[in-house]
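Peer 1: have a look at this prediction, sequence included:
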Amino acid sequence: MITHYVPEAGEHSGHACDLEDELKDLKHTNTLEVWYWYESGSYDGSGYLVGLTKTGEFFSAGLGHCSCCGPLDNFNPTSGLYKTPETFLEAHTYDNNKLSDEKLVKPAIERWYELFGGNKSVSLGRALLSERNEK
């Protein structure tokens, strides 16, 4: 499994840190690649994770938690799977077609097109992303 720590995608209200040790548990799942940011406070943490499975499905999860549990304690990468880049984009689009968590979502979708969509589809995927951002 490949992990991408993207601290610049975070809110920067706490101490930015990677979750490499916690994410190693995902290696035993169908997860192929993840992009995430995570920040820890005194007794809590916040963050967001976007993932791509070996079968080409997307998932995402908030990593916020209090002191009684960790960022991945209640995480299940098999729930809430998105089957296509379009449905994944739709789930991460809000007011006036703005893309939430763009620094995590865009590379995941671009990677999907590279791995599962063929060379011609990479261009289509990038066009779809830029079309969303222009609206």
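Peer 2: Nice, thanks for sending it over. Residues are numbered from 1 along each chain as shown.

Peer 1: show me where the chain has helices.
Peer 2: 20-23, 85-91, 102-116, 118-134 (DSSP state H).

Peer 1: with only the CA atoms kept, save the first one in PDB.
Peer 2: Backbone C-alpha positions of helix 20-23 (Å, rounded to 0.1, in the frame of the first residue of the first chain) are rendered in PDB as follows:
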ATOM      1  CA  GLU A  20       2.400   5.900   9.000                       C
ATOM      2  CA  ASP A  21       2.200   3.500  12.000                       C
ATOM      3  CA  GLU A  22      -1.600   3.600  12.200                       C
ATOM      4  CA  LEU A  23      -2.000   3.200   8.500                       C
END
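
Peer 1: what's the mean pLDDT across that helix?
Peer 2: Taken as a whole, helix 20-23 has an average pLDDT of 81.

Peer 1: list the buried residues of it.
Peer 2: Residues Leu23 are the ones in helix 20-23 that count as buried (16 or more other Cβ atoms under 10 Å). No exception for glycine: its C-beta is placed from N, CA and C like everyone else's.

Peer 1: one more: stretch 18-36?
Peer 2: In stretch 18-36, counting by 16+ other Cβ under 10 Å, buried: 19, 23, 26, 30-36.

Peer 1: please apply the same query to stretch 74-93.
Peer 2: Buried-residue list, stretch 74-93, by 16+ other Cβ under 10 Å: 75, 77, 81-82, 85, 88-89, 92.

Peer 1: lowest-confidence stretch among the helices of the chain?
Peer 2: helix 118-134 has the lowest average pLDDT among those, namely a mean of 55.

Peer 1: once you drop chain neighbours, what's closest to the spatially most central residue of the chain?
Peer 2: When the chain is reduced to its mean C-alpha position, the nearest residue by Cα atoms, centre = their mean turns out to be Val50, at 1.3 Å. Excluding the flanking residues, the one nearest Val50 by Cβ to Cβ, 6 or more residues apart in numbering is Leu104, at 4.2 Å.

Peer 1: and the one you found, what does it touch?
Peer 2: 6, 9, 35-37, 48-50, 60 (Cβ atoms under 8 Å, 6 or more residues apart in numbering).
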